[in-house]
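S.K.: A structural model of the following input is requested.
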Amino acid sequence: MRLTRKQLLGGAAAGALGAAGIYELVDQIAESPPRAAAAELPVEQHLVPGIRVIDHEGVEVIEPPLHHQVVTAKLSVGRSPAELRGAQQDLERAIRRIERRYDVTPGGLLVTVAWGLPYFRRYVPAAAARHIPIDRRASAPGRPVSALLDAIRFPSDPPETVLDANDVAILMRSDAREHVADGAERLFADAGHLFELTSIRKGFQGGGFGGATSVPKAMATAAGIQGADLIPDTAQLFLGFTSTQKQAMGPSAIANFETLGLLDLRGAYFRGGTHMHLSHLHENVEAWYLDFDFRNRVDTTFRPKFEARDGAQTLPQPPGKVAGARDVEEDFDRYGTIGHSASIQPASRLQMDIRGEDGTLYPKGTAIPIRADFNTLDNPFFWTADPVRDRFDPSPSAGLHFITFNPSSDDFRRNRLAMDGKLPDGTDLPLEPRSRGQGLNSVLRTTHRQNFLVPPRERRSFPLAELL
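M.R.: Sure thing, here's the model as predicted:
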């Protein structure tokens, strides 16, 4: 019997879920760091229990999981309430089986399920209209703005950037590749009938904090990436600088819908949830190291004339030294360029002390976004159901699967627009898209974007279906 195209793609996707490809080398390069067991699971899916904080070059650094995988899919589920509730039970049962098998820590396996607007619009539109939080800051009288918006192309995005329309994205993270592979295979063996996979995205981060050759350096070298020899030996990411400094990452539950008071939760259904942005970026590693000397790379990544000893990889970004919109404008007027960190800080850092809903005091300058991005050799994905649309190429390419958790889509947009010189106070710096003055944007090219809603743990499986 001849297989249909759908069956062929499904079989290929099933094989790709546990396949390692070149990523098998990560296990030969880095050892899993010691991790603490989680005392109890947090309400939030996006937070990482058992995370370790280490000292690197005198700066506190969060040590991220080594292995990452994202699976995106559209649903193959009927729209009747009974079918949706059955799907909800099937998915939750499959995830709980995995969580009984592995600790929910980087040493075990972390599973995060995020839902796109296509799911809410097609399957639960009325319930979504009542329960998805409203962004107070982005709304105007009589014009409420949802916490979850369609992705857009930003000024520095090329016109071919794909705005994805997936129903769901499932993120798996672990220090052990075999845990990710086994977890993905088990999840889709139990609940695969619910999904038509659209992409599989794999990658890695870290591994060099102890002084050994880092995973990005070794993987780029093994893959023959142009400029791999120029990457610092212990770099956490291809572009050389450490991205998980503790003071540059949103602490605890700051990115939750309810924490900062930016959103009207409209009840408690999504309390403990957050917003997730997922995109893929190609990185021109060779241009980064040949066209920018170390001083230029510091100026571009952080801020013009940012203090750094030669060759440093982990630079402190404490709350007390945060750039404001006026600082960014003055840097541009003086140097004709903006630094990446400085440009987004007017949007990504608190502009005043704020006491969260749970009583936690977050000082002025505290970071809001929680990044979970990771390097990849996907081009642009490890596997895709639509190679033509996604411009799939089997040859490896240096890139980044960018994931960030923010309180809302608008909050992410404010951060990303600031990278292009469009600051939250209305300042619009005359920067040419992808020019040298835009810093990192000159060596990055975004291929895909989409926004998702991450429900709290107890409502991660087909949210709102039980209300139909």
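S.K.: Which of the three states applies to A323?
M.R.: Following DSSP: H, G, I helix; E, B strand; the rest coil, we place A323 in the coil state.
S.K.: The one 4 residues further on now?
M.R.: Reducing the assignment to helix, strand or coil with three-state DSSP, the entry for D327 is helix.
S.K.: From what I see, it and A342 are in contact.
M.R.: Yes - D327 is within contact range of A342, at 6.6 Å (criterion: C-beta atoms under 8 Å). C-beta coordinates here come from the backbone N, C-alpha and C atoms, glycine included.
S.K.: the more surrounded of those two?
M.R.: Ranked by neighbour count (other C-beta atoms under 10 Å), D327 and A342 place A342 first, with 23 against 17.
S.K.: wait, what's in contact with the more buried one?
M.R.: For A342, the residues meeting the contact criterion (C-beta atoms under 8 Å, 6 or more residues apart in numbering) are 302-303, 306, 323, 327-328, 331.
S.K.: and if you look at Y123?
M.R.: Neighbours of Y123 in contact, by C-beta under 8 Å, 6+ apart: 75, 77, 79, 84, 462, 465.
S.K.: Quick one: neighbours of the closest residue to R457 other than its chain neighbours, just the number.
M.R.: Distances taken as C-beta to C-beta, 6 or more residues apart in numbering put Q45 closest to R457, at 5.1 Å, once the chain neighbours are dropped. By other C-beta under 10 Å, 26 other residues sit near Q45.
S.K.: Now do the same for Q45: helix, strand or coil?
M.R.: coil.
S.K.: Which stretches in the stretch 351-468 of the chain count as strands?
M.R.: Using DSSP state E, counting those that start in this stretch, the strands of the stretch 351-468 of the chain run over 354-355, 361-362, 370-371, 374-376, 383-384, 399-406, 444-454.
S.K.: what lines up beside the second one in the sheet?
M.R.: When pairing is defined by DSSP bridges, strand 361-362 lines up against strand 354-355 (antiparallel).
S.K.: Using PDB, write down the CA coordinates of the helix or strand that K217 is a member of.
M.R.: Using DSSP states H and E, the element containing K217 is helix 215-223. Listed next in PDB are the C-alpha coordinates belonging to helix 215-223 (Å, rounded to 0.1, in the frame of the first residue of the first chain):
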ATOM      1  CA  VAL A 215      29.500  23.300  23.400                       C
ATOM      2  CA  PRO A 216      29.000  26.200  20.900                       C
ATOM      3  CA  LYS A 217      32.700  26.400  20.100                       C
ATOM      4  CA  ALA A 218      33.100  22.700  19.700                       C
ATOM      5  CA  MET A 219      29.900  22.200  17.800                       C
ATOM      6  CA  ALA A 220      30.500  25.100  15.400                       C
ATOM      7  CA  THR A 221      34.000  23.700  14.700                       C
ATOM      8  CA  ALA A 222      32.700  20.100  14.100                       C
ATOM      9  CA  ALA A 223      30.100  21.500  11.700                       C
END
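S.K.: Quick check: next helix or strand after that helix?
M.R.: strand 263-264.
S.K.: other SSEs contacting that next one?
M.R.: strand 134-135 (3 or more C-beta pairs under 8 Å, 6 or more residues apart in numbering; DSSP states H and E).
S.K.: Any chance you could list what contacts the strand it packs on?
M.R.: 144-147, 262-264, 266, 407-411.
S.K.: if we look at the helix or strand that that strand is followed by, which residues are touching it?
M.R.: Toward the C-terminus, strand 134-135 is succeeded by strand 162-163 as the next helix or strand (DSSP H and E). The contact list for strand 162-163 (C-beta under 8 Å, 6+ apart) reads 150-153, 389-390, 447-450.
S.K.: change it to 10 Å
M.R.: Under the contact criterion C-beta atoms under 10 Å, 6 or more residues apart in numbering, strand 162-163 has outside partners 150-153, 157, 279-280, 380, 386, 389-391, 446-451.
S.K.: now stretch 383-393
M.R.: 5-6, 9-10, 12-17, 19, 21, 71-74, 160, 162, 164, 196-202, 280, 378-382, 394, 447-448.
S.K.: Residue ranges in this structure under the pLDDT threshold?
M.R.: Scanning the chain for pLDDT under 70 picks out the ranges 1-12, 14, 38-39.
S.K.: Who are the contact partners of F452?
M.R.: Shown in contact with F452 (C-beta under 10 Å, 6+ apart): 72, 112-117, 119, 148, 151, 164, 166-169, 171, 274-278, 403, 405, 409.
S.K.: Could you tell me which of these belong to strands?
M.R.: Counted as lying in strands by DSSP state E, out of the contacts of F452, are 72, 112-115, 168-169, 171, 274-278, 403, 405.
S.K.: List just the nearest of those residues to L237.
M.R.: I403 (13.4 Å; C-beta to C-beta).
S.K.: Not counting its neighbours along the chain, what's nearest that closest one?
M.R.: Nearest to I403 is A372, by C-beta to C-beta, 6+ apart, at 4.2 Å.
S.K.: List the contacts of the one you found.
M.R.: Counting by C-beta under 10 Å, 6+ apart, A372 has contacts 46, 48, 64-65, 68, 70, 110, 112, 171, 173, 205, 244, 249, 276, 278, 401-405.
S.K.: so how far is L444 from it?
M.R.: 18 Å (C-beta to C-beta, to the nearest Å).
S.K.: likewise S156?
M.R.: Distance from S156 to L444, by C-beta to C-beta: 8 Å.
S.K.: Redo the strands of the stretch 351-468 of the chain as CSV? Include distance to E178.
M.R.: Formatted as CSV, the strands of the stretch 351-468 of the chain follow (distance: least, C-beta to C-beta, whole Å):
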stretch, distance to E178
strand 354-355, 42
strand 361-362, 38
strand 370-371, 25
strand 374-376, 18
strand 383-384, 19
strand 399-406, 20
strand 444-454, 26
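S.K.: roughly how far out does stretch 355-365 sit from the chain middle?
M.R.: 24 Å (C-alpha atoms, centre = their mean, to the nearest Å).
S.K.: I meant to write stretch 243-254 there.
M.R.: Taking the mean of its C-alpha atoms, stretch 243-254 sits 13 Å from the chain's own mean (C-alpha atoms, centre = their mean).
S.K.: which of the residues in that stretch are buried?
M.R.: Residues 243-250, 253-254 are the ones in stretch 243-254 that count as buried (16 or more other C-beta atoms under 10 Å).
S.K.: same thing with stretch 435-444?
M.R.: Across stretch 435-444, burial judged by 16+ other C-beta under 10 Å covers 436-444.
S.K.: Now do that stretch: distance from first to last residue.
M.R.: 11 Å (C-alpha to C-alpha, to the nearest Å).
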